[in-house]
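**Q** Next one to model:
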Amino acid sequence: MEELKEYFNIAIRNIRTRFLRSWLTILGIIIGVFLIVSLLSLSEGLKTTINKQLQALGGEMIMVMPGSDENIFSAMVFGGAKLQKEDIEAIKKAPGVDKVLGFSYMGSIARYRDESKQIAIAGYDPWKEGLDILSIFQGWSLADGRWPSKGNEVLIGSQVANEIFSKKMKAGSEVTIKGRKFEVAGILDSLGSQQDDSMVYMDMKVYQDLTGEKRGTASYAMVKLEEGANENVVAAEIEESLRETRKRRSGTDEEDFSVITSEKMGEITGTILSIIQIVIIGFASIAIIVGGIGITNSMFTSVRERTKEIGIMKAIGATNSAILLIFLIEAGIVGILGGVGGILLGTLLAEGINYYAQINPSFYFTTTITPWMIIFALAFSFSVGCLAGFFPARKAAKLKPVDALRRYE
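**A** Here you go, the predicted model:
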C-alpha cells in the first residue's frame with residue numbers, strides 16, 4: 001500500500017514538472033468528454049420530452065396516418081397523402097372507438113397590422129369537440145382569451161402571439177389569412193414544440209374553404225378510445241376496418257396507412273434516438289482518441305527525457321512492474337483529469353440550456369444528465385489514458401539500467 005502511494009506521488013510530481021505539456025494533453029481529453037456529455041445530455045433531454053408527450057396521451061389516444069410506418073416522421077413534417085372521407089368513417093366504425101378527430105395543416109401567409117409573415121394553419125374536425133379532447137388529453141390550456149365559438153374565430157400558438165410578428169398579438173386581435181379576416185379568440189400556452197406553437201388553429205370547414213382541400217379528408221386522425229378499451233385491441237380493429245375499406249375502394253390488399261399507439265410511437269422514437277446516441281458517441285470518441293494519441297506522444301517524450309531517472313530507479317532496485325505501474329498511473333491520472341474537466345464543462349452547458357429554456361418557453365431544447373453518463377465518461381477517459389500510456393510505460397519498464405545511464409554519461 002505504501003509502495004502504491006509512493007507511485008502516485010511520483011506520477012503527480014512528473015505531471016507537475018511538465019505542467020504545460022501535461023495540461024495541453026489533458027485539454028484534448030476534456031474536449032472529447034465535453035462533446036460526449038453535452039451531446040448525450042441533449043439527446044437524453046429530447047428523449048425525455050418525447051416520452052412525456054407520449055405519456056400525456058395516457059394510452060387513451062391512437063394516431064392514424066396515411067403511408068407506411070417507415071415514413072411516419074416525413075409524413076408528419078411534409079404532409080402529402082390524405083386520409084379520405086371513407087377512411088375516417090371506417091375508423092369511426094371500429095369497435096372501441098369513441099371519437100375521431102381529423103387534423104390537416106399547411107403553410108400560409110398571415111397579415112397582422114400591415115405586416116405579413118409565413119405561418120402554419122391547422123384545421124380540426126369536429127372543431128368544438130376536438131378542443132375538448134385536446135385540452136384533456138394533450139394538455140392544451142389558454143394563456144389569454146377564451147376558446148373559439150364561431151367560424152371566424154381562431155386559436156393561435158404562443159410563438160404566433162409573441163415572436164413571429166414585431167407587435168405581439170392578444171385576445172381580440174384581428175389577423176388576415178388568405179384574404180379572410182379572423183378574430184383571435186384565445187392564445188395557447190406553449191405546447192412544447194416549435195411546430196405546434198407557430199400554428200393558427202381553426203375549424204376544419206373554414207380551413208378547407210381557405211385551402212381548397214377536399215371536404216372530409218385529413219392529414220391524419222387522432223382516435224379517442226372508449227373508457228376501458230385496450231389500445232392494442234382497438235388499433236387492430238382500426239387496421240382491419242381500414243384494410244377492408246381500402247380493399248373495396250382500390251381492389252388491392254396494399255396497406256398504405258399506419259395505426260400508431262403511444263407504445264408503438266415510443267418504440268419508434270426510442271430506436272431513432274438510440275441510433276442518434278450511438279452516432280454521437282462515435283463522433284465524440286474520435287475526439288477522445290485524438291486526445292489519447294496526445295497522451296501517447298507525451299508519454300513517449302517523457303520516457304526519453306527521463307531515461308536517466310529510470311536507469312537510477314532500476315539501479316537501486318525498482319522492478320519492471322514498478323516502472324510500468326508508475327507510468328500507467330501517470331497516464332491514468334491525465335485521462336481522469338480530462339474526464340472530470342469534460343464532465344464539468346458538459347454539465348455547465350447542460351444546466352445553462354435548461355436555465356435558458358425555463359426563462360424562454362419558446363426554446364424547446366432541454367438536457368438531462370444521468371449517472372450512467374458520468375460513469376461512462378469517467379471510465380472511458382480513464383481507459384483511454386491507460387491504453388495510451390501502456391506502450392510508452394512498457395518501453396520504460398524494459399530499459400536496462402546500464403543502457404539508460406550510459407545515454408547520459
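**Q** just checking, next helix/strand downstream of the worst-scoring helix or strand of the chain on mean pLDDT?
**A** Sorting the helices and strands of the chain by mean pLDDT, DSSP states H and E puts helix 72-78 at the bottom, at a mean of 48. Using DSSP states H and E, the helix or strand that follows helix 72-78 in sequence is helix 85-93.
**Q** pLDDT wise, what is the closest residue in space to residue 33 that isn't next to it in sequence at?
**A** Nearest residue to residue 33 in three dimensions, chain neighbours excluded: residue 342, at 2.5 Å (C-beta to C-beta, 6 or more residues apart in numbering). (Each C-beta comes from the backbone N, C-alpha and C, glycine too.) Residue 342 carries a pLDDT value of 88.
**Q** Tell me if residue 279 really is in a strand.
**A** No: using DSSP: H, G, I helix; E, B strand; the rest coil, the assignment for residue 279 is helix, not a strand.
**Q** still on that earlier bit, residue 34 is in contact with the residue nearest to residue 33, correct?
**A** Yes: with contact defined as C-beta atoms under 8 Å, residue 342 reaches residue 34; the gap is 4.2 Å.
**Q** who's more crowded, the two?
**A** Counted by other C-beta atoms under 10 Å, residue 342 and residue 34 do not tie: residue 342 has more neighbours, with 30 against 24.
**Q** for the more buried one, phi and psi?
**A** Here is the backbone geometry of residue 342 (degrees, to the nearest 10): phi -70, psi -40.
**Q** so what's it up against?
**A** Shown in contact with residue 342 (C-beta atoms under 8 Å, 6 or more residues apart in numbering): 29, 30, 31, 32, 33, 34, 35, 36, 37, 377, 381.
**Q** Among those residues, which lie within helices?
**A** 29, 30, 31, 32, 33, 34, 35, 36, 37, 377, 381 (DSSP state H).
**Q** excluding its backbone neighbours, what's nearest the last one?
**A** Ranked by C-beta to C-beta, 6+ apart and with sequence neighbours excluded, the top spatial neighbour of residue 381 is residue 339, at 3.0 Å.
**Q** tell me which residues of the helix or strand encompassing the one you found are tucked away?
**A** Taking DSSP H and E as the criterion, residue 339 maps to helix 320-359. By neighbour count on 16 or more other C-beta atoms under 10 Å, the buried set for helix 320-359 is 322-343, 345-347, 349-350, 353-354, 357.
**Q** do the same with stretch 135-145
**A** Buried residues in stretch 135-145, counting neighbours by 16+ other C-beta under 10 Å, are found at 137, 140, 143, 144, 145.
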